[in-house]
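Peer 1: Below are the sequence and a predicted model for it; my questions follow.
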Amino acid sequence: MFRKIRRSRQSLSAEQIDIVLTRNSNGVLAVHGDNGYPYSIPLNYVYSSGKIYFHCAKSGHKLDAIRRDPRVCFTVVDEDTIVPEEYTSYFRSVILFGRAAAVEGEERTSAFLALAAKYSGSLPETSRREEVARCRQALIIGISIDHMTGKEAIEYARQQEK
């Protein structure tokens with residue numbers, strides 16, 4: 001159902017993909033937007049318990065699109081170093097496909113706390129828990145991952161082969 005990476009030598013391992021998703025703080029969500037157009041949105045996220053989570057308002061283009069068709073694509077660019085003398089960039093990225101839906105109950109609380117921990121720096125855990133308990137206006141969306149791949153520049157792949 002999903003295509004294989006054409007240059008498999010440049011594929012990231014499952015462990016490398018987990019590292020990329022864990023260490024980065026923003027990605028681009030692509031959905032089936034209005035009138036047949038794709039709609040992509042940069043957003044903050046957390047990778048937790050094998051899922052991507054993000055928060056959003058209870059209405060808007062992104063949520064309408066997810067409700068119409070929960071199939072989404074999410075991309076994270078981990079590295080993009082321009083190398084002028086080679087007319088290229090050395091890159092590393094992850095693309096995943098999955099199904100997005102609002103999460104409820106304990107999953108919502110756990111995901112919201114994971115988001116709060118990632119983006120609150122050194123604020124105490126008690127502050128994060130209080131904020132999460134108070135915040136009822138945000139939806140937490142989880143992406144259940146159906147397929148994911150990662151790829152890096154051939155130069156990075158060669159370094160790992162040594």
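Peer 2: Looks like it arrived, so ask away.
Peer 1: hey, where'd the helices end up in the chain?
Peer 2: Using DSSP state H, the helices assigned to the chain run over residues 14-23, 61-68, 105-119, 125-134, 154-161.
Peer 1: between those helices, which one is nearest to residue 35?
Peer 2: helix 61-68 (11.1 Å; C-beta to C-beta). (Glycine included, C-beta is placed from N, CA and C.)
Peer 1: what stretches of the chain score poorly on pLDDT?
Peer 2: For the chain, the stretches with pLDDT under 70 are 162.
Peer 1: Tell me which residue lies farthest from the centre of it.
Peer 2: What lies farthest from the middle of the chain is residue 85; by C-alpha atoms, centre = their mean that is 31.7 Å.
Peer 1: hang on, the earlier thing: would you tell me which of the helices of the chain gets closest to residue 30?
Peer 2: Across the helices of the chain, residue 30 has its closest neighbour in helix 61-68 (9.5 Å, C-beta to C-beta).
Peer 1: Can I get stretch 130-145 as PDB, trimmed to CA atoms?
Peer 2: What follows is stretch 130-145, C-alpha atoms only, in PDB (Å, rounded to 0.1, in the frame of the first residue of the first chain):
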ATOM      1  CA  GLU A 130      -2.300  22.400  37.000                       C
ATOM      2  CA  GLU A 131      -2.300  24.100  33.600                       C
ATOM      3  CA  VAL A 132      -3.300  20.900  31.800                       C
ATOM      4  CA  ALA A 133      -6.200  20.300  34.300                       C
ATOM      5  CA  ARG A 134      -7.400  23.900  33.700                       C
ATOM      6  CA  CYS A 135      -7.200  23.900  29.900                       C
ATOM      7  CA  ARG A 136     -10.400  22.500  28.500                       C
ATOM      8  CA  GLN A 137     -10.600  24.700  25.400                       C
ATOM      9  CA  ALA A 138      -7.900  22.700  23.500                       C
ATOM     10  CA  LEU A 139      -8.400  19.400  21.700                       C
ATOM     11  CA  ILE A 140      -5.500  17.000  21.700                       C
ATOM     12  CA  ILE A 141      -5.200  15.100  18.400                       C
ATOM     13  CA  GLY A 142      -3.300  11.900  18.200                       C
ATOM     14  CA  ILE A 143      -2.000  10.400  15.000                       C
ATOM     15  CA  SER A 144      -2.000   6.600  15.000                       C
ATOM     16  CA  ILE A 145       0.900   5.700  12.700                       C
END
